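Enquirer: A predicted structure for the sequence below; I have some questions about it.
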Amino acid sequence: MSKIASQDLGTQAIGKLLIKQAVPASIGILVMSLNILVDTIFVGHWIGSVAIAAINVVLPVSFFIAALGMSIGIGGASIISRALGANNTIKALKTFGNQITLTLLLTVTLVVFGLWFVDGIIPAFGGKGTIFEPAKIYYKIVLYGVPILALSMMGNAVIRAEGKPKFGMYAMMIPSVSNLLLDYIFINLLDFGMEGAAWATTISYVLCFLFIVWFFMSKHSELKIDFSHFGLNFGIVSEISSLGFVTLARQAVVSITYLLMNNILYDFGGETSVTSYAIVGRMLMFAMFPVLGITQGFLPIAGFNYGAQNYTRVRETINIAIKYASILATLVFLVLMFFPEAITKMFTTDVSVISQTPSAMRWVFAATPIIAVQLIGAAYFQAIGKAKPALILTLLRQGVFFIPLIFILPEFYGELGVWISFPIADVLATLVTAYFLNREIVKTLKP
């Protein structure tokens, strides 16, 4: 039965298949994003607005280490999808085993360094003044669970590569629901403060990991690995690294962006501006869940059919994915343009934060309707194993355009210059991606 499920990627109608793949991914991302959103609301109301800023300081560090697992997962998932499409089960198994070994080696090493240099890392990411102490408390506890989170993110990508999106959705829902429940117990009932928020997050990672282990040991997975698959193979590691580096580089740029934004905004408006960015950042994670779900659903379909050399289906997948994602992105845009004040008030009662955040939110999401082309375009090159264009297109928005803009525009427009950098970077990145994607379709995906 499992075998048949992976082969469905090459036979079912694209529209139906994309929905089948994207809906569970979207629900999983929605629940995970809701977790982050509600977690932030709980922290804001039960601990204080400074605690929101403290978590925002820690997130880029912990997420970057965890993103190693996601990077190895997505890089390996691309190989596994194409291997299953070409009926090369041996390569799929060896790839999965190498993913596990790589994830453990890299994340544990980085966690050790992260804990050793904690007092230097937190201020560097904007944890200054009253933000430092709560950020340090949260950071040290959450980092213990980051290798488990990394393994879970890696495993989730492989689950989707097998064509089992529902199980991927369950894996994302478990930590989200458990984290909220534990938040209520640890923060509200037991009054553990920042320590409670951190332990709730770490324990939820462990529960997610246990579910993923169960999946791969059950009859639902066709990837039954043994100890012989854990030995690192240079060719496979190289391919995983080149493709996974795309995701890792994106997360690295995200972490650098947090570092720069927290520091730049702290200089302009102190804790209030950093808190506003934290709220807008949560909405970036939450509001885009349907578009990101389409992108996640797109990856295994494009990769499988490219591996099977069925280029007509690959072209159709690109077109339908962009169409669906654009419609959803436009709906997100309309909600955020009309209700930014109400959204901000869900997070805090701080008057200064409420007065500043809605305008920032409107600017940040101003170009949302067009970003589907950029997301799907970058994802396409990653799905088919073309690491260099995937890397370039993935880094376009934040690395190539956004970071230079947040240094240049504030010189002329002050804090407004920071916020208008978001839509300008979106427009420029979309135009460049559209050009490269169209060229690839014309040259490679011929009928």
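Expert: Thanks, I have the structure now.

Enquirer: pretty sure Ser255 contacts Ser62?
Expert: No - using CB atoms under 8 Å as the test, Ser255 is too far from Ser62 to be in contact (9.6 Å). Just so you know, the C-beta spots here come from the backbone N, C-alpha and C atoms, and that holds for glycine as well.

Enquirer: which one's more surrounded, these two?
Expert: More neighbours sit around Ser62 than around the other of Ser255 and Ser62, counting by other CB atoms under 10 Å; the figures are 23 against 19.

Enquirer: tell me which element the more buried one falls in.
Expert: Taking DSSP states H and E as the criterion, the element that holds Ser62 is helix 49-85.

Enquirer: can you give me the mean pLDDT across that helix?
Expert: Averaging the model's pLDDT scores along helix 49-85 yields 78.

Enquirer: and for stretch 402-422?
Expert: The predicted model gives stretch 402-422 an average pLDDT of 93.

Enquirer: what residues sit buried inside it?
Expert: For stretch 402-422, the neighbour count (16 or more other CB atoms under 10 Å) marks 402-403, 405-406, 409-410, 415, 417-422 as buried.

Enquirer: which members of these occur in helices, if any?
Expert: 403, 405-406, 410, 415, 417-422 (DSSP state H).

Enquirer: okay if I get those as JSON lines plus distance to Leu284?
Expert: Shown next, in JSON lines, are those (distance: CB to CB, whole Å):
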{"residue": "Ile403", "distance to Leu284": "16"}
{"residue": "Leu405", "distance to Leu284": "16"}
{"residue": "Ile406", "distance to Leu284": "15"}
{"residue": "Pro410", "distance to Leu284": "20"}
{"residue": "Glu415", "distance to Leu284": "18"}
{"residue": "Gly417", "distance to Leu284": "19"}
{"residue": "Val418", "distance to Leu284": "14"}
{"residue": "Trp419", "distance to Leu284": "13"}
{"residue": "Ile420", "distance to Leu284": "16"}
{"residue": "Ser421", "distance to Leu284": "14"}
{"residue": "Phe422", "distance to Leu284": "9"}
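
Enquirer: pick out the most distant pair among those residues.
Expert: Greatest spatial distance in those: Ile403 and Glu415, 16.7 Å, computed using CB to CB.

Enquirer: rewinding a little: next secondary structure after the helix holding Ser62?
Expert: Stepping forward along the backbone from helix 49-85, the first helix or strand reached (DSSP H and E) is helix 89-116.

Enquirer: show me what that next one is packed against.
Expert: helix 49-85, helix 132-144, helix 146-161, helix 234-287 (3 or more CB pairs under 8 Å, 6 or more residues apart in numbering; DSSP states H and E).

Enquirer: just send those helices back as TSV, with distance to Leu445 too.
Expert: Compiled in TSV, the helices and strands packed on helix 89-116 are given as follows (distance: least, CB to CB, whole Å):
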stretch	distance to Leu445
helix 49-85	15
helix 132-144	43
helix 146-161	21
helix 234-287	19
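
Enquirer: so which of these is nearest Leu115?
Expert: Comparison of the helices and strands packed on helix 89-116 against Leu115 by CB to CB identifies helix 132-144 as nearest, at 5.9 Å.

Enquirer: quick one, the helix or strand harbouring Asn319 and helix 234-287 angle?
Expert: Element membership for Asn319 (DSSP H and E) is helix 311-338. In this structure, helix 311-338 runs at an angle of 30 degrees to helix 234-287, with axes from the mean of the first three to the mean of the last three CA atoms, to 10 degrees as the basis.

Enquirer: who does helix 311-338 touch, helix- and strand-wise?
Expert: Using 3+ CB pairs under 8 Å, 6+ apart as the contact test, the elements touching helix 311-338 are helix 14-46, helix 234-287, helix 289-307, helix 351-364, helix 371-383, helix 415-443.

Enquirer: between those helices, which one is nearest to Ala86?
Expert: Ranking these by distance to Ala86, with CB to CB as the measure, places helix 289-307 first at 5.0 Å.

Enquirer: enumerate every residue touching Gly307.
Expert: Residues in contact with Gly307, defined by CB atoms under 8 Å, 6 or more residues apart in numbering, are 81-86.

Enquirer: what of Met153?
Expert: Contacts of Met153 by CB under 8 Å, 6+ apart are 66-67, 69-70, 73.

Enquirer: and for Phe339, the neighbour number?
Expert: As a burial measure, Phe339 scores 12 neighbours (other CB under 10 Å).

Enquirer: kindly report the same for the one 3 residues further on.
Expert: Burial of Ala342 is recorded as 9 neighbouring residues (other CB under 10 Å).

Enquirer: got it, and Trp214?
Expert: Other residues near Trp214 number 13, with proximity taken as other CB under 10 Å.

Enquirer: what's the answer for Asn87, then?
Expert: By other CB under 10 Å, 12 other residues sit near Asn87.

Enquirer: how close does it get to Glu222?
Expert: 12 Å (CB to CB, to the nearest Å).

Enquirer: buried stuff in stretch 176-183?
Expert: When burial is assessed from 16+ other CB under 10 Å, stretch 176-183 yields the following buried residues: 176, 178-180, 182-183.

Enquirer: re earlier: most surrounded residue in the contacts of Gly307?
Expert: When the contacts of Gly307 are compared by neighbour count (other CB under 10 Å), Ser81 ends up highest, at 31 neighbours.

Enquirer: quick one: the helix or strand containing Trp199 to helix 89-116, angle?
Expert: With elements delineated by DSSP H and E, Trp199 resides in helix 193-217, which encompasses its position. Taking the same axes, to 10 degrees, helix 193-217 and helix 89-116 form an angle of 160 degrees between their directions.

Enquirer: identify the residue nearest Phe381 in space, chain neighbours excluded?
Expert: Excluding the flanking residues, the one nearest Phe381 by CB to CB, 6 or more residues apart in numbering is Ala390, at 3.7 Å.

Enquirer: which SS class is Asn188?
Expert: Classification of Asn188 into helix, strand or coil gives helix, according to DSSP: H, G, I helix; E, B strand; the rest coil.

Enquirer: can you offset everything so residue one is 59?
Expert: Done: numbering now begins at 59, and the last item shifts to Asn246.

Enquirer: report how many residues lie close to it.
Expert: Using other CB under 10 Å as the criterion, Asn246 is surrounded by 13 other residues.
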